[in-house]
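Engineer: sequence first, then the predicted structure, then my questions.
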Amino acid sequence: MTRFAIVVTIKLHPGKAEEFKPHILANAQAAVRDEADCHLFHVLQSLDDPDTFMFYEVYTAAESLDKHREQPHFKKFYEDADHMVAERSIQRVTVQNPENIA
C-alpha cells in the first residue's frame, strides 16, 4: 500500500533553534503516539544551518494530514512556535517503499 508523506522545510528566524526544538519534538511525539494514521514523524536539523529544520511525516492518506492539523497538539505547536518561523515549504509526496515503515 502506498503511503502519503510530506517533507517540510522550516527556516527559523536567527537564533531560534533551541527555543523551537522542544515544541516540534513534542508535536512529533504526540502525532506518532496519538494518531493511528501517523506512521512516522522525523524531525531533522541541518548541520550546516542550525536554524533550518526538516520534517518527514508519513500518513496513511492525504486526509490523515488534514486530521493531524486538527489535533490539539498540532494547534498548540502552531500557536507556540509559528512566530519563530521565517520561511516554510511543504512538499506532498508518496512513499515508494512503504514496506520499510514499521
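Structural biologist: Happy to help now that I have it. Residues are numbered from 1 along each chain as shown.
Engineer: quick one, strands of the protein?
Structural biologist: 3-12, 38-45, 52-59, 85-95 (DSSP state E).
Engineer: from the contact counts, what lies against the helix of greatest length in the chain?
Structural biologist: Of all segments of type helix in the chain, defined using DSSP state H, the longest is helix 17-34. Contact analysis of helix 17-34 by 3 or more C-beta pairs under 8 Å, 6 or more residues apart in numbering; DSSP states H and E lists strand 38-45, strand 52-59, helix 72-81 as its packing neighbours. Placement of C-beta: from N, CA and C, glycine included.
Engineer: got the angle for the last one vs strand 3-12?
Structural biologist: With axes from the mean of the first three to the mean of the last three C-alpha atoms, to 10 degrees applied, the angle from helix 72-81 to strand 3-12 works out at 20 degrees.
Engineer: buried residues, helix 72-81. List them.
Structural biologist: H73, F74, F77, D80, A81 (16 or more other C-beta atoms under 10 Å).
Engineer: the last one reaches H23, doesn't it?
Structural biologist: Think A81. Yes - contact between A81 and H23 holds when scored by C-beta atoms under 8 Å: they sit 4.1 Å apart.
Engineer: contacting residues for the most centrally placed residue in the chain?
Structural biologist: The chain has F55 as the residue nearest its centroid, 4.2 Å off, counting by C-alpha atoms, centre = their mean. By C-beta atoms under 8 Å, 6 or more residues apart in numbering, the contact list for F55 reads I6, V7, V8, I10, I24, A28, F41, H42, V43, L44.
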